[in-house]
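*Asks:* what would the 3D arrangement of this be:
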Amino acid sequence: MKKIKLLFYYLFFSKLPNSWWPGGKLFNRLRVSCVKSILPVGKNTKIQRSVYIGSGNNVVIGSNCQVNELVRLDNVNIGNNVMIARECIILGKMHESADIHTPMNEQGVKDVQQTCIEDDVWLGLRVVVMPGIHIRKGTIIAAGAVVTKDTEAYGVYGGVPAKLIKQRQ
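*Replies:* Below is the predicted model of the structure:
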């Protein structure tokens with residue numbers, strides 16, 4: 001049944017207009033309703049068009065969140081009041097590469113912990129979050145950053161790899 005819901009999501013609901021278009025609130029309600037039938041989603045969350053949710057396994061989205069267009073979510077638990085700008089990628093797995101005698105595509109994937117994005121986090125445009133990262137409450141990640149390490153609460157991060165720029169007061 002879940003696979004059928006995923007099929008409807010990717011073929012129809014993910015392609016509905018964004019919430020800011022005329023009639024967009026209705027489209028968002030339809031899209032979120034479909035996503036809620038696949039994975040846990042909190043109240044008042046907006047999910048814009050073309051958001052990739054993988055198979056829907058190991059993805060949780062909290063309340064009052066904004067997930068914008070072309071975002072890719074995999075193996076992530078998202079808290080409440082989180083803003084995710086367009087084209088962000090939250091990676092959920094990595095390939096094994098330790099054995100140089102076996103092609104990497106035959107080595108499978110590594111076991112990684114679920115990425116955790118706590119409450120009140122803002123990911124700027126095209127941020128990439130590596131698998132298993134813990135982004136703490138109140139963190140801001142600047143556009144284009146690649147997050148490779150856990151963050152401190154209320155930190156502002158930017159760059160590749162992302163580094164602490166300052167603390168929010």
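*Asks:* ok but residue 34 is inside a helix, no?
*Replies:* Yes: applying DSSP: H, G, I helix; E, B strand; the rest coil, one finds residue 34 inside a helix.
*Asks:* burial measure for the residue nearest to it when sequence neighbours are not counted, as a count.
*Replies:* For residue 34, ignoring the flanking residues on the chain, the nearest one in space by CB to CB, 6 or more residues apart in numbering is residue 13 at 4.2 Å. The C-beta positions use only the backbone N, C-alpha and C, and glycine is treated the same way. Other residues within reach of residue 13 by the criterion other CB atoms under 10 Å amount to 20.
*Asks:* list phi and psi for residue 13.
*Replies:* The main-chain torsion angles of residue 13 are listed as degrees, to the nearest 10 and equal phi -60, psi -40.
*Asks:* residue 18 now?
*Replies:* Here the main-chain torsion angles of residue 18 (degrees, to the nearest 10) amount to phi -70, psi 170.
*Asks:* name the nearest residue to it, ignoring sequence neighbours.
*Replies:* Counting by CB to CB, 6+ apart, the residue nearest residue 18 is residue 48, at 4.7 Å.
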